[in-house]
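K.L.:
Below is the sequence, then the predicted model.
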Amino acid sequence: MGGKIDCYLDIASLYSYLAYLDLLRNRAILASHGVTVEFHPTFLGALNQATGNKPPWTLPAKAAHGPFDAQRSIARQKSYPNGAPLNITFPENLFVNGKTILPLRALHYVKSCHASAVFDQTFLYLFHIFWSPPNLNLTDPANLKATLLAIPEDFAGPTSNEGEKKKLFMFTAEQVEDIMKGAHAEQYKEALKKTTAEALERGAFGAPWIWATNDKGEGEPFFGSDRLHFVYKHLGLPYRDVQLLPNEDDPTWGKLWRKGRDGSKL
């Protein structure tokens, strides 16, 4: 066992958010198996444009099915890392809010200049702000700056007692100024371009795009937030796959199932 998961994400992608929550939640378990996880801020718009892929809402059949799939997928994740229930809504204008070049460059700056835990929590908070009411438009520099200033220290999800204690914030005002400058700097413009190009080289046509490398050095691509069991299989990790359970009330299968569940031989 062992290996690496490279996950290419855009905060404008709901399924990137759900994959991020899943991998963040299981990161310690993955580490216990010798698997590292690296998150790469990647511009979904460029992936779509380069491959001719179209956003689901532009195709009537996909747009009609989208709410069903989204709600099922959100319900499966259930909560933030701190256990608070997810409160996800779609922005009124996803096309405008989805031009996330500036916040993605800011994330590249944070990844380069701060500890990995700070990067993880910043990524989580930007996802939270993008997908939770009032769905702030982070392409606006003023909104992005205000959001960075407001990130609570050790953010793992919203808490009910935020107003009852003095808040400690992730970044100082000076650090936020540096992040905003970094988001406009050529170095981090190139970092976003490089990561997006790397995803394309690895076959990406959407997000989340996962490249999993096992302990033999064999890499394979995976698409979406609901394919992690395939990732775990490729990495040689122990996992529970989807399993249909028998009807316990059935006179034959129910009896066999109860025996097996009790530890006796079927």
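P.N.:
Received it, and whenever you're ready, just let me know what you need. Residues are numbered from 1 along each chain as shown.
K.L.:
counting contacts, what elements does the helix or strand harbouring residue 194 pack onto?
P.N.:
Per DSSP states H and E, residue 194 falls inside helix 186-201. Using 3 or more CB pairs under 8 Å, 6 or more residues apart in numbering; DSSP states H and E as the contact test, the elements touching helix 186-201 are strand 3-9, strand 35-41, helix 44-51, helix 101-113. Glycine gets a C-beta too; all of them are placed from N, C-alpha and C.
K.L.:
Just put these in TSV and tack on mean pLDDT.
P.N.:
Formatted as TSV, those follow (pLDDT from 0 to 100):
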stretch	mean pLDDT
strand 3-9	98
strand 35-41	98
helix 44-51	95
helix 101-113	98
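K.L.:
May I see these arranged in a markdown table, with distance to residue 155 and mean neighbour count as well?
P.N.:
Listed next are the helices and strands packed on helix 186-201 as a markdown table, based on distance: least, CB to CB, whole Å; neighbours: other CB atoms under 10 Å:
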| stretch | distance to residue 155 | mean neighbour count |
| --- | --- | --- |
| strand 3-9 | 17 | 23 |
| strand 35-41 | 15 | 20 |
| helix 44-51 | 23 | 17 |
| helix 101-113 | 13 | 23 |
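K.L.:
so where's the chain shaky on pLDDT?
P.N.:
The chain contains residues with pLDDT under 70 at 160-166, 253-266.
K.L.:
Can you report how many residues neighbour residue 55?
P.N.:
Using other CB atoms under 10 Å, residue 55 has 18 other residues around it.
K.L.:
switch to numbering from 41
P.N.:
In the new numbering, first residue 41, that becomes residue 95.
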